[in-house]
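> everything below, folded, please.
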Amino acid sequence: MKRIELPEKSTWGHILQRPVIDTATLEQQVKGVLDVVKQDGDKAVLQFTRQFDGVQLSSLVVTDEEIESAIQQVPDDLKRAIKQAANNIRVFHEKQKAAIEVVETMKGVRCWRKSVGIDKVGLYIPGGTAPLFSTILMLAIPAQIAGCKEVILCSPPDKEGNLNPAILYAASLTGVHTIFKMGGVQAIAAMAYGTETVPKVYKIFGPGNQYVTSAKQLVQQEGTAIDMPAGPSEVCVLADASADPSFVAADLLSQAEHGTDSQVLLVSTDSRLIDAVIQELSVQLEQLPRKEMAA
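Down below sits the predicted model:
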């Protein structure tokens, strides 16, 4: 952590400057991949999976047997935690459902508002440096409640051509059974355009790196809806002497581990708290599987 004490106001802009990328070059690279997948379908997805993920796949589809095998590999304590999180998310989103209320604005004229689930939606679940199985719960459960007729899931495979077992367990728990081994720009392209194997969806949800985000923004311009551009992650914690240093450190690291372009800031009026947080950061950092990324 870089420590800055009592900075002059003239330096605030520099201190708070966000990471910047060359979006023009990025979009050009991403568009090239999108165009090839649009033209060549599964063949292109397999090619880019070999090129970017370093794995040669014979099929993009996750089979029922693979799902069952993965479920057996998930530890019981993690299963319990995922089930508890799923229940909490379900309880929250159930409250978003509203009964249809008909209003007669004038004699014989009745108006109402009705929510209808999107027929086909695609979920992008990062699985490289961090398999975000929690994202499945936060996307698939609302899709279930909304009444989406078809939900597909794409996540990048590991070097052995498998998806993280916790991802497959969370997908099974939330009723998602159409799952594909693909990530990155090629996955966004497959969902946006459709291939021989992957159905074309009407809206794509889920976070990703700068390439995935750029791909989502580009396919949106062609008519496929997206949730929103996600990332890079950042957080600013404002803390005084009453703050718990371990909580502050955890909040900072929870965002720092998202990627090398993440930005985390601690602003404090207490020098001793800053010392304590720096000490906590060094301790907690060593316990993180993604400590190099967070550092």
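> every contact and neighbour count from this point should use C-alpha atoms.
Will do.
> show me the domain layout of this structure.
53-94+112-226, 232-294 (automatic domain parsing).
> between these, which gets nearest to Glu5?
domain 232-294 (8.7 Å; CA to CA).
> gap between the closest one and the chain center?
The chain centre lies 21 Å from the centre of domain 232-294; the measure is CA atoms, centre = their mean, to the nearest Å.
> okay, now that domain: how far is its last residue from its first?
Separation of the first and last residues of domain 232-294 by CA to CA, to the nearest Å is 13 Å.
> so for Ile100, what's the pLDDT?
Note for Ile100: predicted pLDDT of 91.
> list the contacts of Asp240.
268-270, 273 (CA atoms under 8 Å, 6 or more residues apart in numbering).
> so Thr49 sits in a helix?
Yes. Assigned with DSSP: H, G, I helix; E, B strand; the rest coil, Thr49 falls within a helix.
> tell me how many other residues crowd it.
Taking other CA atoms under 10 Å as the criterion, the count of residues near Thr49 is 25.
> again with Val121
Neighbours around Val121, by other CA under 10 Å: 25.
> residues contacting Ser10?
Going by CA under 8 Å, 6+ apart, Ser10 touches no other residue.
> nearest to Asp40, out of the domains of the chain?
Of all those, domain 53-94+112-226 comes closest under CA to CA, at 8.1 Å.
> just how off-centre is that closest one within its chain?
That offset, for domain 53-94+112-226, works out to 9 Å (CA atoms, centre = their mean).
> so what does the helix or strand encompassing Gly32 touch, helix or strand wise?
Element membership for Gly32 (DSSP states H and E) is helix 23-40. In this structure, helix 23-40 makes packing contacts with helix 42-48, helix 184-193, helix 210-220, judged by 3 or more CA pairs under 8 Å, 6 or more residues apart in numbering; DSSP states H and E.
> of those, flag the one that's most buried.
Among the helices and strands packed on helix 23-40, helix 184-193 has the highest mean neighbour count (mean count of other CA atoms under 10 Å), at a mean of 28.
> leaving out chain neighbours, which residue sits closest to Trp112?
Val102 (4.7 Å; CA to CA, 6 or more residues apart in numbering).
> which residues does that neighbour contact?
110-113.
> picking that back up, what are the contacting residues of the helix holding Gly32?
43-45, 185-186, 189-190, 193-195, 211, 214-215, 218.
> where do the helices sit along the chain?
Using DSSP state H, the helices of the chain run over 12-15, 23-40, 42-48, 64-73, 76-94, 133-146, 165-173, 184-193, 210-220, 245-256, 271-285, 291-294.
> for the fifth one, packing partners?
Put plainly, it is helix 76-94. For helix 76-94, the packing partners by 3+ CA pairs under 8 Å, 6+ apart are helix 133-146.
> report the rounded mean pLDDT for the helix it packs on.
96.
> list the contacts of it.
82, 85-86, 89-90, 93-94, 116-118, 123, 125, 151, 166-167, 170-171, 174-176, 205-206.
> repeat that for stretch 79-94.
134, 137-138, 141-142, 145, 170, 173.
> how about a cut-off of 7 Å?
137-138, 141-142, 145 (CA atoms under 7 Å, 6 or more residues apart in numbering).
> ok, now stretch 273-289?
With CA under 7 Å, 6+ apart as the criterion, stretch 273-289 contacts 241, 245-246, 248-249, 291.
> of these, keep whichever come out buried.
The neighbour count (16 or more other CA atoms under 10 Å) marks 245-246, 248-249 as buried among the contacts of stretch 273-289.
> please name the nearest non-neighbouring residue to the residue positioned nearest the centre of the chain.
Central residue of the chain (CA atoms, centre = their mean): Pro207, 2.9 Å from the mean position. Using CA to CA, 6+ apart and skipping residues adjacent in sequence, the residue nearest Pro207 is Ala230, 5.6 Å away.
> kindly report the same for Ala171.
Excluding the flanking residues, the one nearest Ala171 by CA to CA, 6+ apart is Ile136, at 6.4 Å.
> let's have the contacts of Asp240 in JSON lines, adding pLDDT and neighbour count.
Formatted as JSON lines, the contacts of Asp240 follow (pLDDT from 0 to 100; neighbours: other CA atoms under 10 Å):
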{"residue": "Ser268", "pLDDT": "96", "neighbour count": "16"}
{"residue": "Thr269", "pLDDT": "93", "neighbour count": "13"}
{"residue": "Asp270", "pLDDT": "95", "neighbour count": "13"}
{"residue": "Leu273", "pLDDT": "96", "neighbour count": "19"}
